[in-house]
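1. Fold the following, please.
(2 chains)
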Amino acid sequence: QVQLQESGPGLVKPSQTLSLTCTVSGGSISSGSYYWSWIRQHPGKGLEWIGYIYYSGNTYYNPSLKSRVTISLDTSKNQFSLKLSSVTAADTAVYYCARDGGVATILVWGQGTLVTVSS
Amino acid sequence: QSVLTQPPSASGTPGQRVTISCSGSSSNIGNNIINWYQHLPGTAPRLLIYNDNQRPSGVPDRISGSKSGTSASLAISGLQSEDEAEYYCAAWDESLNGVVFGGGTKLTVL
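-> Reported below is the predicted structural model:
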């Protein structure tokens, strides 16, 4: 049973870079045709797809965030990471990591982590 | 403004049947599968329907999905209090080259 767990700072200052890591347990991040995803939910709002990285390393990003987002894999640690640069208060959200089987089919989610952008 | 359009709210009494709609375009629903998620506060979203109308293991058969053209629907029959949650549709969008979610529908069991 694959499980995901997000980790990273819960508070980030404006203009800095938000960095989160998702640790994958119960399976290898480099096996199978999965897209390792980041999704967020602003307070009181709906789900927003940030982007994902295919197990081969190809990345796909939300066009509205593309200039600020980097998603990477660390197969040696069985982790994948999110970096979001130049954050503002509008980036305050619960961030989820997830495993997408393709075409938005997500069976496995992390529990989510709240990141607040504030000075 | 979400690419996929859902009604912000829906409601029903226990035992009733409710449907939630999701409207898109040819770049998403019209040419790709639709998936539905249930989201309870403080928890991770749960996949309810994939590939337009398939249920993952553990999802009861009183929950169903359908699609026609550029629109899709989620139906919940025999409504129960535990069904009170936010529901999202999601699909791949070929124009945006990314995943798009609907704005979410809050289902209230009266």
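2. Roughly how far does the spatially closest residue to B:Asn53 that is not a sequence neighbour sit from B:Tyr37?
-> Closest residue to B:Asn53 apart from its sequence neighbours, by Cβ to Cβ, 6 or more residues apart in numbering or on different chains: B:Gly65 at 4.5 Å. In this view, the C-beta of every residue, glycine as well, is placed from N, C-alpha and C. According to Cβ to Cβ, to the nearest Å, B:Gly65 and B:Tyr37 sit 11 Å apart.
3. intersection of neighbour lists for the two?
-> Common neighbours of B:Gly65 and B:Tyr37, counting by Cβ atoms under 8 Å, 6 or more residues apart in numbering or on different chains, are B:Leu48.
4. and the residue of chain A nearest chain B?
-> Proximity of chain A to chain B (Cβ to the nearest Cβ) peaks at A:Trp109, 3.7 Å away.
5. Name the residues that touch the top strand by length along chain B?
-> Ordering each strand of chain B by length in residues (DSSP state E) puts strand B:85-93 first. The contact list for strand B:85-93 (Cβ under 8 Å, 6+ apart) reads A:46-47, A:49, A:103-104, A:106, B:3-4, B:6, B:20, B:22, B:24, B:27-29, B:32-40, B:45, B:48, B:72, B:74, B:98-102, B:104-107.
6. Now that strand: buried residues?
-> B:Ala85, B:Glu86, B:Tyr87, B:Tyr88, B:Cys89, B:Ala90, B:Ala91, B:Trp92, B:Asp93 (16 or more other Cβ atoms under 10 Å in any protein chain shown).
7. Listing partners with orientation, what would you give for that strand?
-> strand B:34-39 (antiparallel), strand B:98-101 (antiparallel), strand B:105-109 (antiparallel) (DSSP bridges).
8. Tell me which helix or strand comes right after the first one.
-> The element immediately downstream of strand B:34-39 (helix or strand, assigned by DSSP states H and E) is strand B:46-49.
9. Can you spell out which helices and strands pack onto that next one?
-> With contacts taken as 3 or more Cβ pairs under 8 Å, 6 or more residues apart in numbering or on different chains; DSSP states H and E, strand B:46-49 sits against strand B:34-39, strand B:63-68.
10. Format those as JSON lines; extra columns: mean neighbour count and mean pLDDT.
-> Shown next, in JSON lines, are the helices and strands packed on strand B:46-49 (neighbours: other Cβ atoms under 10 Å in any protein chain shown; pLDDT from 0 to 100):
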{"stretch": "strand B:34-39", "mean neighbour count": "25", "mean pLDDT": "97"}
{"stretch": "strand B:63-68", "mean neighbour count": "17", "mean pLDDT": "97"}
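11. Nearest to A:Gln1 among those would be which one?
-> Closest of those to A:Gln1 is strand B:34-39, at 19.4 Å (criterion: Cβ to Cβ).
12. Put the alpha carbons of the closest one into PDB.
-> Output of strand B:34-39 as PDB, limited to C-alpha atoms (Å, rounded to 0.1, in the frame of the first residue of the first chain):
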ATOM      1  CA  ILE B  34     -13.700  12.700 -16.300                       C
ATOM      2  CA  ASN B  35     -13.000  11.800 -12.700                       C
ATOM      3  CA  TRP B  36     -14.900  12.700  -9.500                       C
ATOM      4  CA  TYR B  37     -13.500  13.300  -6.000                       C
ATOM      5  CA  GLN B  38     -15.200  13.600  -2.600                       C
ATOM      6  CA  HIS B  39     -13.500  15.900  -0.200                       C
END
